[in-house]
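Chemist: I'd like to go over a predicted model; first the sequence, then the structure.
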Amino acid sequence: LATVRAGFAPTIEANQPRLPHAREHVHVDGDAARLGQIVTNLVTNAIKYTPHGGHIIVTVGPGPDDTAVLSVSDDGPGIAAADLPHIFERFYRAETARTAAGSGIGLAVVAQLVAAHHGTVVLVPTAVGTTIEVTFPRVPQSTASKALDQEPSRSRRLGVDG
């Protein structure tokens, strides 16, 4: 999360959306590059659809039932009810999104990568804007640390820390 956040700093500053975040250290079993791609795609969408001076909030931390939860929220225009069943489909673009740059695969890629990591991704109903929530099975820190010690050349365990 911290790496993705740092990479977006110039874009965030240029558009002036705030990117506050709340975080707690959690570990998930997965590929660090693909987990980073999930965060990148979600934050890219939030920046793209958040108006100048708007707000984006990223949170990561423990969830219920030994899960880790990543949430990206914005106060952009939101997603129309008619588009909700299709937002995770490859190449789907809502009518309101057709003027924005992109190919319509970002959320589909997120959904595939999340599923590959045995997680879930959902659109959380909100009164304003959009919130996407990703949930992964959490790995206890002691297990993750032990795995990293045994496999130093592989990024199979990731401590998600913003």
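Modeler: Everything's here; your move. Numbers count the residues shown, from 1 in each chain.

Chemist: Next, give phi and psi for Gly54.
Modeler: For Gly54, the backbone dihedrals are phi -80, psi -170 (criterion: degrees, to the nearest 10).

Chemist: how close does Thr135 sit to Val28?
Modeler: 10 Å (Cβ to Cβ, to the nearest Å). Any C-beta I mention is one placed from the backbone N, CA and C, and that applies to glycine too.

Chemist: The two: which is more packed in?
Modeler: Higher neighbour count among Thr135 and Val28: Val28, with 23 against 20, using other Cβ atoms under 10 Å.

Chemist: Quick check: bridge partners of Leu70?
Modeler: Under DSSP bridges, the beta-bridge partners of Leu70 are Val60, Val134.

Chemist: Where in the protein is the helix or strand with the lowest mean pLDDT?
Modeler: Across the helices and strands of the chain, mean pLDDT, DSSP states H and E gives its lowest value to strand 157-160, namely a mean of 41.

Chemist: and for Thr135 and Val28, which residues touch both?
Modeler: Ala68, Gly119 (Cβ atoms under 8 Å, 6 or more residues apart in numbering).

Chemist: what are the ranges of the helices in this structure?
Modeler: Using DSSP state H, the helices found in the chain span residues 2-7, 9-15, 32-49, 106-116, 141-150.

Chemist: Show the low-confidence segments of this protein, by residue range.
Modeler: Low-confidence segments of the chain, defined by pLDDT under 70: 5, 11-23, 91-104, 141-162.

Chemist: For burial, what's the neighbour tally of Thr40?
Modeler: 17.

Chemist: again, but for the one 3 residues further on
Modeler: The local packing of Val43 (other Cβ under 10 Å) involves 22 other residues.

Chemist: same question, the one 3 residues further on
Modeler: Burial measure for Ala46: 26 neighbouring residues, criterion other Cβ under 10 Å.

Chemist: any idea how far Leu107 is from the nearest residue to it once chain neighbours are set aside?
Modeler: Sequence neighbours aside, Asp74 is the residue nearest to Ala46 in space, at 4.1 Å (criterion: Cβ to Cβ, 6 or more residues apart in numbering). Using Cβ to Cβ, Asp74 is found at 14 Å from Leu107.
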